[in-house]
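S.K.: no FASTA, just this:
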């Protein structure tokens, strides 16, 4: 009897999991029509247009970190100064170890444009390193 109860509970749990996660959702056809169901259907709304999201790739980040003229290509993508330094080092082959973050805030997030502005303020704008 104990085994029968155990197997019954396992089967019931499996059935509930199946209904919850595996079964197809019911279609909207089961919804009862409201008042005025005899009127012609409303115009179908246009299909949703896919949103375009700027793809920020590693190559784009390297280029944005290495060249101020290409910094705008990274858009509003923000990283720390250490991260921008790493991408610049990857692009140029020259290690970067400049503290371009605000005092006491090493985790400050900045755009590539702001990164280059901070390099300029630290007199590093024309420096390859």
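M.R.: Thanks, I have it. All values reported here derive from a predicted model rather than from experimental measurement. Numbering: from 1, shown residues only.

S.K.: contacts, neighbours, all on C-alpha from now
M.R.: Fine.

S.K.: Helix or strand with the lowest mean pLDDT in this structure?
M.R.: The weakest-scoring helix or strand in the chain, judged by mean pLDDT, DSSP states H and E, is helix 2-17 (a mean of 77).

S.K.: which helices and strands does the next helix or strand after that one pack with?
M.R.: Using DSSP states H and E, the helix or strand that follows helix 2-17 in sequence is helix 58-66. With contacts taken as 3 or more Cα pairs under 8 Å, 6 or more residues apart in numbering; DSSP states H and E, helix 58-66 sits against helix 81-92, helix 112-121.

S.K.: Helix 58-66 vs helix 112-121, what angle?
M.R.: Interaxial angle of helix 58-66 relative to helix 112-121 (axes from the mean of the first three to the mean of the last three Cα atoms, to 10 degrees): 30 degrees.

S.K.: Report the buried residues of helix 58-66.
M.R.: For helix 58-66, burial by neighbour count (16 or more other Cα atoms under 10 Å) applies to 60-66.

S.K.: Can you report phi and psi for residue 110?
M.R.: Torsion angles at residue 110 (phi, psi; degrees, to the nearest 10) stand at phi -140, psi 160.

S.K.: I'd like to know which elements the least confident helix or strand of the chain is packed against.
M.R.: Counting contacts by 3+ Cα pairs under 8 Å, 6+ apart, helix 2-17 packs against no other helix or strand.
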